[in-house]
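In: sequence first, then the predicted structure, then my questions.
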Amino acid sequence: MSDLRDLYQDLILDHGRHPRNFHVPDGCNFHADGYNPLCGDKISVYLKCEADSVLDAGIQGAGCAICMASASTMTEIVKGQKKSEVERLYVTFTDWIVRSSIVKEGELPSKLAAFAGVREFPMRVKCATLAWHTLKAALDGQEVATSEKE
């Protein structure tokens, strides 16, 4: 189990230090900003959508390793997905990390398992979910993600 925790920690540190998709996609037509005043994390999510699909996703901002890793991983996962699938992933991930909901195999991409340990630290849950709430706000046409009580 220690090897698995080390692997997950490495994934979070790598994505936190070198976030993927750190850009504004050409043709971006959905955008929202998220802010966690408790720790100072700020993230902007940019989406290029056509019809019912997310063609590209990008992020910009600054935050702790967990926030940046979650945002980076999220962009990799949602690119190329149908909006309905992105919304399902949002609900499943946030329920899983906030409420420790049971997730069946295949309901979440395996990369997100790296964030399982965050559930043990309630103050860090908002760090892991900020990008996801911001993604949802962007899809809903809101400009600012609201901080939900978790």
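Out: Here it is on my side, so go on.
In: any weak-confidence spans in the protein?
Out: 1-8, 146-150 (pLDDT under 70).
In: helices of that one, start to end?
Out: 2-17, 65-78, 83-99, 122-139 (DSSP state H).
In: could you dump those to TSV with mean neighbour count and distance to Ala57?
Out: To be clear about C-beta, it is placed using only N, CA and C from the backbone, and glycine gets the same treatment. Converted to TSV, these look like this (neighbours: other Cβ atoms under 10 Å; distance: least, Cβ to Cβ, whole Å):
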stretch	mean neighbour count	distance to Ala57
helix 2-17	14	14
helix 65-78	25	4
helix 83-99	17	9
helix 122-139	22	8
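In: tabulate those helices in JSON lines, adding columns for distance to Ala114.
Out: Output for these, formatted as JSON lines (distance: least, Cβ to Cβ, whole Å):
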{"stretch": "helix 2-17", "distance to Ala114": "4"}
{"stretch": "helix 65-78", "distance to Ala114": "7"}
{"stretch": "helix 83-99", "distance to Ala114": "11"}
{"stretch": "helix 122-139", "distance to Ala114": "10"}
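In: out of those helices, the one nearest Asp52 is which?
Out: Among the helices of the chain, helix 83-99 comes nearest to Asp52, with 5.2 Å by Cβ to Cβ.
In: please compute how far that closest one lies from its chain's middle.
Out: 10 Å (Cα atoms, centre = their mean, to the nearest Å).
In: again, but for stretch 100-116
Out: 13 Å.
In: what's that stretch in contact with?
Out: 7-9, 11-12, 66, 69-70, 73, 76-77, 89, 92-93, 95-97, 119, 128 (Cβ atoms under 8 Å, 6 or more residues apart in numbering).
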